[in-house]
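1. Model the structure of this input:
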Amino acid sequence: MIIAADIGNTNIVIGFMKNGKAEKVLRIATDRGRTSDEYKLLLISFIKEEEIDKGDIKDFVISSVVPPLTPIFQSVSEKIICKKSITILNNMDLGIKIDVEEPHLVGSDRICDVAGAATIFPQENICVVDFGTATVFNILTKDKRFIGGPIAVGVIAAANALFVETAKLPRIALNVPQSVIGRNTVEEMQSGVVVGLGGMVDRLIEKIEQELNEPLRVIATGGIAHVMAGVTQRIEKFDDQLTLKGIYYIYEHFKGV
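-> From the prediction side, this is the model:
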């Protein structure tokens, strides 16, 4: 078993992974002000509550897009399993080639997303749509080259912008409305944000395929990916543990398992 920590700007998702699957998952809000001792206590409490045997934990693997929290979790690893963590970096042998103009700027979460997707759709062109703080499209070719992908506004950010920047629009739940036209203000906003984002996803996938001149398999992940179920025509699979699976895949490749 390994601990896989996906440290994002909004949430930190920690999976206790065995044979490529998350047996237990802890999801907490990202807090840059917490110390390593505070994060350690949260994890220790979860381990005890879920009756996880600490002796089964072989490694602690980190994918982080929040630089200040990377050393914090590296310290957590040493405090919990008395072992240095493995931190996923773009200059490591990842089993995937980062084929973009600025490889050092690619977030490790994007590489983990496509690494996880490659275990589901091997030897196919893949687009992972990660619905998180931003809506990020991650494209992996069938010869395992990460070639980038559009980055668009996140659905939560879009909804919050309407609430914050307008005087009369309310805060809304992110649900699919009964009517696209909208019979009330909340439905109208849900249509614009949720259904509108679904349309953007389908259009971008169409344009990406035209540019590649090849078809794509499309998979979605992220904390709010489930909201988009039934809204887009092109997403064929939803997997909220995809990033964790990618961390495990990269770990196995790096360790030569």
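2. ranges for the helices of the stretch 51-200 of the chain?
-> 70-81, 108-120, 155-165, 185-190, 196-212 (DSSP state H, counting those that start in this stretch).
3. which other residues reach the shortest one?
-> Around helix 185-190, the neighbours that count as contacts under C-beta atoms under 8 Å, 6 or more residues apart in numbering are 159, 162, 169-170, 172-179, 181-182. In short, each C-beta sits where N, CA and C put it, glycine included.
4. Does Leu244 belong to a helix, a strand or coil?
-> State at Leu244, reduced to three classes by DSSP: H, G, I helix; E, B strand; the rest coil: helix.
5. Provide the backbone phi and psi angles at the residue nearest to it when sequence neighbours are not counted.
-> Once flanking residues are discounted, Leu244 sits nearest to Gly15: 3.9 Å by C-beta to C-beta, 6 or more residues apart in numbering. Dihedral angles of Gly15 (phi, psi; degrees, to the nearest 10) stand at phi -110, psi 140.
6. Could you do Met17 as well?
-> phi -100, psi 140.
7. Check the contact between it and Glu23; I expect there is one.
-> Yes. Taking C-beta atoms under 8 Å as the definition, Met17 is a contact partner of Glu23 at 7.3 Å.
8. Pull up the overlap in contacts between the two.
-> What both Met17 and Glu23 touch, as defined by C-beta under 8 Å, 6+ apart, is the set Met1.
9. Give me the more crowded residue out of the two.
-> Neighbour totals were compared for Met17 and Glu23, and Met17 leads with 24 against 13 (other C-beta atoms under 10 Å).
10. Compute the distance between Ala157 and Gly182, please.
-> Going from Ala157 to Gly182 by C-beta to C-beta, to the nearest Å gives 21 Å.
11. so which of the helices of the stretch 51-200 of the chain gets nearest Phe131?
-> Nearest to Phe131 among these is helix 155-165; the distance by C-beta to C-beta comes to 6.3 Å.
12. neighbouring contacts of that closest one?
-> If you take C-beta under 8 Å, 6+ apart as the criterion, helix 155-165 is touched by 10, 131, 133-135, 153, 169-172, 174, 189, 192-194, 197, 224, 227-228.
13. List the buried residues in the helix or strand bottoming out on mean pLDDT in the chain.
-> The helix or strand of the chain with the poorest confidence is helix 155-165; it has a mean of 89 (mean pLDDT, DSSP states H and E). Within helix 155-165, the residues scored as buried using 16 or more other C-beta atoms under 10 Å are Val155, Ile156, Ala158, Ala159.
14. That helix to helix 196-212, inter-axis angle?
-> 130 degrees (axes from the mean of the first three to the mean of the last three C-alpha atoms, to 10 degrees).
15. From the geometric centre of the chain, which residue sits farthest away?
-> Relative to the centre of the chain, and counting by C-alpha atoms, centre = their mean, the farthest-placed residue is Arg183 at 33.7 Å.
16. How about the contacts made by it?
-> Applying C-beta under 8 Å, 6+ apart, no residues contact Arg183.
17. Can you give me the pLDDT of it?
-> pLDDT for Arg183: 89.
18. gap between it and Thr35?
-> Distance from Arg183 to Thr35, by C-beta to C-beta: 49 Å.
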